[in-house]
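Peer 1: 3D, please:
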Amino acid sequence: MEPLQNQNPSSSTTSKASSYQPLRSSQSSRGINSDSTSAAPSFGSGSGVPAPRDDKQDMALCVESVRQSFDPWSAQYYYYSNEANEGQAPCKGCTKIFKARAAAAAASSATVVAQQTPHARGIGAAADSSPTMTQNRTGSLDDECPDEAPDMMQELRHDGSVLALAVSDRYIFAGTSKGEIVIWSLGTYQHVKTIQAHKRSVLNLLLSDDGKYLFSSACEPILGVWCPKTFIRLYEIYSTYDVGDVFSIAWSPQHQTLYLGTQTQDIQWISLNDPTRQVPRDSPKHPDIRQHRFFDSRAVGGTSTPRRMEEHYALIPKAETVLEIDSSAIQRYAHYGWVFCMLIAKGPTVLADPDEEILISGGGDGTIKLWRLTDDEPEYGEGDGVVGNIEEMMVLGHDDSESVMSLAIDGSFLYAGKLRGIIELWDLDTKQKLRVIKAHDGNVNTLNMSFGLLWSGGTGGSIAKHSTVHYGRGKNGLLQNVSQKYQCLNRWKAHEGKILSSAVTVHATEQLFITGANDNTVRVWHVNGMPTHNEEGREVQEDMMITSLREFVSYKTISSRPEFTEDCRKGATFLASLFKRLGAQVDVLSTGSLHNPIVLARFSGKLEPANERKRILFYGHYDVVPAEIKADKWLSDPFKMEGRNGYLYGRGVSDNKGPIMAALYAVSDLLQAKQLDSDIIFVIEGEEESGSRGFQETIRKNKDLIGHVDYVLLANSYWLDDDVPCLTYGLRGVLHATICIDSKRPDLHSGVDGSNMLSEPLTDLTLLLSKLKDNKNHVKIPGFYDGILPMTDEEEQRYDEIASILLRRNPSSGPLDVLKRSLMARWREPNLTIHRYNVSGPDGSLISSHATANVSIRLVPGQEVEQVIESMTQFLYDEFAKFDSENTLTVRIDNKAEPWLGVPGNYIFRTLEEAIVQAWGLNGEAADEDDSSRVALPANATSDETKPKTRKPLYIREGGSIPPIRFLEKEFNAPAAHLPCGQASDAAHLDNERLRMLNLVKSREIFRTVFRKL
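Peer 2: Below is the predicted model of the structure:
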């Protein structure tokens, strides 16, 4: 049944079937028609009392005291507001009954009874009559529980509520209120795929232990079975009964059988290995074809409401096989309420064999039942050769208590999440309720037992972490040290909406707790070594690259502002200490008292003798540009790294702290694997964003300490777009100059002193600057264009290819020849820019005594910086002399950087290209098993047209400048190469700077390959 979509995360509406809140079950619910062919939904109070649409508000107020909040996802909204009964109010008699029941329930809930009156029934009588050993139920939360939140590694956003979660060793799967399964890669958090899996909200996702199947159920009677690696829909399963919503599913590996708990209070099952259950897609019993006795019923006059058809229905993929559940494979009224939760446990009680799988279910009637799974056929029904049956073996609780919303198992201990924040602990050996824990203010919709701890999520948006009775290993096999008392170790606000789903996993030694809520987010929490109350600290085992980058970003290493000098020094100290911890020999090189130091770190390879090792110098910078926090343009603190939708956000995360961490941990990987043969030298400066002040002098001074260098490598730029990996082989140089005109007079008033006999500085400056270039932007400095390298056929072919790719991705950037010409003008042609004017004196009608302008010239390979400086300076003085002005001219060179042009065919570029092809799967064989890492590139033409075309990264040039690259190449007589790590949308130097996790991981992999091969 289609639930109402919650558009407001802060509202009281819960987007989750497991947050349905039925009223207390009563004996009268057993009198419901048990005809197996009945299509009408159960209206017994144990299955949720439908409320009249007109009295929704009154009903909500009544039930609020019973169930904390009224949930409009319940059946009544469907029965009385959908197409079956649109616009029709229920009869007065029904309205009166519903109000009376709600009022009675509210009155009965005024007094909270600590111990419910036992209600023996059948086999479960012993469990009901057993006393509760420990009663620890309180009316409010334990205020002593610490509220420290763990690090949130990623926030993954969707446009619908997240009702279900599953996680494999490669992917996070989220079931949403739009009937979709959204898939993200685990580790990089890259969005992989969105599948329209169901017509209505996905209520459950279950991954089989062997990772072979992903099961999904929804607010409809059809289930899906998917391949969690290829995302192919393997099976479509449906019941011949009108079961309504399928709230819970469980999978038995031993029996290869899927069990489903339904809105009609039944448990049904089907074996995937039973060939007799295969039916054609157009079977007349299929829910999309057969007549529904309720929704397809005819009104007076013989008319019926047409079934709703929406566009997204056609997007649901066809299953390879359709299975129909046998009509006899059913346990009718397994609970006297909706079957909210189920799980399979192996030998959870002494009544079962140690390796025997037992089905455990929790219902809206407040009971928990254990079911023995057999291969016998049911004793009733019309089925022929039905595979399997279930037999009730134990009942816990009472059928008039609060609904069981979630379950978790730990050996023979069973945890049950209930309404109003209650978690019950049951001993399945003694059938005793050992403890009642008040964990949350809202309903406990999720429970997980992992890492030796109990994790719970409530509809109030909080997560709680409790110690358990055991020392030992959790499901994932990691040893935990927790106290033996049941106590709340942590509770934190995890979502602004209601938490509806959760999952736990271990990925690359990281312990992760994943939550989903109706605020349309999935959040990934790193819980290694999470601070706990009265708990000994545990060794943190996470990917230290992310941890190190997070701390690195926290330092406000802004080199352009003196007030951040101390932060810059602290950042350099942190980096030096990190290098030392990872095995480097470290020196911090002073660049003078006014400039930030250079961190020099040397990692030694294992190849002997040492003089045969190759030596690779990696250049980077730890300084960043300012981030204006007060402007409210950043979505998060720029100096507190935050993960969202597969990206890491923070100032410097892309430029250049992230690439530095990728290179550093690539070396660490090789050291641990004993595969580092070459010496790796890191030269990380702190003044790059301020013109690399003091860099060249310090490097020359310490050249003997650095030693000889065979290759220079840096990673300080971005791809051409967001999709195609690139290699940069050319950069323009830059020359920044300040041109000043000064008068021998002070500032004068233009009315009192102004005349044509005066030489005004600003006028002289304007006339002088006009001589630098013409109206076609042609620079008029003599000899300016001399020496520029001509374009080769190979280079022009690259421009054709790049322009074609950009045009295909963004047709509005064309036409092709204009786009190509624009790229060449920006990358391989020089340009002169006048940036700003400044004058002396206050604003007003003044003749300023001083006028100055800032000018930059972008240079290209073939132009020598010193020669351009000399020509420009001489040209300005010669032109100024023609003015016959009484003012004086000064030309000051502020900073300079030579242009750089690499050789794409040399060994370092070939090695980088091979590493990129391998890491990004350009050859069809991605080094990472995550298919989301693959990118689609057009074939690059080779020099020999008879050979097949290969798939390579794009070789690009850039219009910007990096001062040290050409200097290092010339100083050490070593070829340089440039690996862009980020994407075009990284917004470096802008608000909300980011770096995609996938790019960071792939960059580490590429560096690892390059450092190993060079």
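Peer 1: going forward, measure contacts and count neighbours with C-alpha atoms only.
Peer 2: Noted.
Peer 1: quick one: average pLDDT of stretch 707-721?
Peer 2: Averaged across stretch 707-721, the pLDDT comes to 95.
Peer 1: same check, this time on stretch 429-436
Peer 2: For stretch 429-436, the mean confidence score works out to 89.
Peer 1: how far does it sit from the chain's center?
Peer 2: Chain-centre distance of stretch 429-436: 40 Å, with CA atoms, centre = their mean, to the nearest Å.
Peer 1: 135 is where my numbering starts, stick with that
Peer 2: In the new count, where the first residue is 135, that last one comes out as stretch 563-570.
Peer 1: Now do the contacts for Lys327.
Peer 2: 316-318 (CA atoms under 8 Å, 6 or more residues apart in numbering).
Peer 1: So it belongs to a helix, correct?
Peer 2: No: counting by DSSP: H, G, I helix; E, B strand; the rest coil, Lys327 is located in no helix; its state is strand.
Peer 1: For it, report the pLDDT, please.
Peer 2: pLDDT recorded at Lys327 is 95.
Peer 1: any idea how far it lies from Ser319?
Peer 2: Taking CA to CA, to the nearest Å as the measure, Lys327 falls 9 Å from Ser319.
Peer 1: Gly631 now?
Peer 2: 24 Å.
Peer 1: Gly717: what's it in contact with?
Peer 2: Counted by CA under 8 Å, 6+ apart, Gly717 has contacts Phe737.
Peer 1: next one: phi and psi at it?
Peer 2: Main-chain torsions, Gly717, degrees, to the nearest 10: phi 110, psi 10.
Peer 1: thinking again about what came up before, and Gly631 and Ser319? which has more neighbours close in?
Peer 2: With neighbours defined as other CA atoms under 10 Å, Gly631 and Ser319 compare such that Gly631 has more, 27 against 23.
Peer 1: for stretch 282-295, how far is the first residue from the last?
Peer 2: Chord length of stretch 282-295, first to last residue, is 26 Å (CA to CA).
Peer 1: Sketch out the helices for the stretch 985-1134 of the chain, chain order is fine.
Peer 2: 999-1015, 1041-1054, 1097-1105, 1131-1147 (DSSP state H, counting those that start in this stretch).
Peer 1: tell me the secondary structure for the residue lying farthest from the centre of the chain?
Peer 2: Within the chain, Met891 marks the point farthest from the mean C-alpha position, 69.1 Å out by CA atoms, centre = their mean. With three-state DSSP as the basis, Met891 sits in coil.
Peer 1: Leu406 against Gln388, yeah?
Peer 2: No: in this structure, Leu406 is not within contact of Gln388 by CA atoms under 8 Å, at 11.8 Å.
Peer 1: Looking at these two, which is more packed in?
Peer 2: When Leu406 and Gln388 are compared for neighbours, Leu406 comes out ahead with 18 against 10, by other CA under 10 Å.
Peer 1: I'd like the distance between the more buried one and Ser342.
Peer 2: To Ser342, Leu406 is 13 Å away according to CA to CA.
Peer 1: what does His574 give?
Peer 2: When distance is defined by CA to CA, His574 is 30 Å away from Ser342.
Peer 1: Which of these two has more residues huddled nearby?
Peer 2: Shown here are His574 and Ser342; by other CA under 10 Å, His574 has more neighbours (25 against 16).
Peer 1: looking at this, the more buried one is in a strand?
Peer 2: No: applying three-state DSSP, one finds His574 to be coil, outside a strand.
Peer 1: That one and Trp589 touch, don't they?
Peer 2: No: between His574 and Trp589 there is no contact under CA under 8 Å: 11.5 Å.
Peer 1: Spit out the residues that contact those two alike.
Peer 2: Here His574 and Trp589 have Ala598 as joint contacts, going by CA under 8 Å, 6+ apart.
Peer 1: hmm, back to that, give me the pLDDT value at the residue farthest from the centre of the chain.
Peer 2: As predicted, Met891 sits at a pLDDT of 81.
Peer 1: any idea how far it lies from Glu1020?
Peer 2: Applying CA to CA to Met891 and Glu1020 gives a distance of 10 Å.
Peer 1: Equivalent analysis for Thr364, please.
Peer 2: As judged by CA to CA, Thr364 and Glu1020 stand 80 Å apart.
Peer 1: Please flag which of the contacts of Lys327 sit within helices.
Peer 2: Assigned to helices by DSSP state H, none of the contacts of Lys327 qualify.
Peer 1: and the protein, what are its domains?
Peer 2: According to the TED database, the chain is divided into the following domains: 678-865+1088-1147, 868-922+963-1031.
Peer 1: where does this structure dip in pLDDT?
Peer 2: The chain contains residues with pLDDT under 70 at 135-277, 426-443, 513-519, 533-534, 603-620, 663-676, 765, 1058-1084.
Peer 1: quick one: the residue nearest to Leu504 when sequence neighbours are not counted and Met528, what's the gap?
Peer 2: Using CA to CA, 6 or more residues apart in numbering and skipping residues adjacent in sequence, the residue nearest Leu504 is Ile494, 4.6 Å away. Applying CA to CA, the value for Ile494 to Met528 is 9 Å.
Peer 1: So what pairs up with Tyr1089 in the strands?
Peer 2: Leu861 (DSSP bridges).
Peer 1: what's the neighbour count on it?
Peer 2: Applying other CA under 10 Å, I find that Tyr1089 has 20 neighbouring residues.
Peer 1: thinking it is in contact with Pro859, fair?
Peer 2: No: in this structure, Tyr1089 is not within contact of Pro859 by CA under 8 Å, at 9.1 Å.
Peer 1: Mind listing the residues bridging to Phe627?
Peer 2: Just so we're on the same page, residue 627 is Lys rather than Phe. Bridge pairing for Lys627 - DSSP bridges - gives Ser596.
Peer 1: what sits against it?
Peer 2: Here Lys627 is in contact with 283, 595-597 (criterion: CA under 8 Å, 6+ apart).
Peer 1: Test my guess that Tyr323 contacts Met1131.
Peer 2: Yes: contact criterion CA under 8 Å: Tyr323 and Met1131 qualify, at 6.9 Å.
Peer 1: quick one: common contacting residues for these two?
Peer 2: Applying CA under 8 Å, 6+ apart, one finds that Tyr323 and Met1131 are jointly contacted by 780-781.
Peer 1: Show me where the stretch 535-684 of the chain has its helices.
Peer 2: 678-688.
Peer 1: between the helices of the stretch 985-1134 of the chain, which gets nearest to Arg684?
Peer 2: Checking these against Arg684 by CA to CA gives helix 1131-1147 as the closest, at 12.7 Å.
Peer 1: Run the chain-centre distance for the closest one.
Peer 2: When distances are taken as CA atoms, centre = their mean, helix 1131-1147 is centred 20 Å away from the chain's centroid.
Peer 1: Flag every buried residue along the helix or strand containing Gln288.
Peer 2: Using DSSP states H and E, Gln288 sits within strand 285-291. By neighbour count with 16 or more other CA atoms under 10 Å, strand 285-291 contains the buried residues 286-291.
Peer 1: Tabulate the residues you listed (TSV), appending distance to His755.
Peer 2: Output for these, formatted as TSV (distance: CA to CA, whole Å):
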residue	distance to His755
Met286	27
Met287	25
Gln288	26
Glu289	28
Leu290	30
Arg291	32
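Peer 1: all strands for the stretch 735-884 of the chain, in order.
Peer 2: Assigned by DSSP state E, counting those that start in this stretch, the stretch 735-884 of the chain shows strands spanning 749-755, 776-778, 781-783, 813-819, 845-848, 860-865, 867-876, 882-883.
Peer 1: can I get those in CSV with mean neighbour count and distance to Gly471?
Peer 2: Listed next are those as CSV, based on neighbours: other CA atoms under 10 Å; distance: least, CA to CA, whole Å:
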stretch, mean neighbour count, distance to Gly471
strand 749-755, 23, 63
strand 776-778, 21, 39
strand 781-783, 27, 43
strand 813-819, 24, 65
strand 845-848, 24, 64
strand 860-865, 25, 59
strand 867-876, 22, 75
strand 882-883, 14, 91
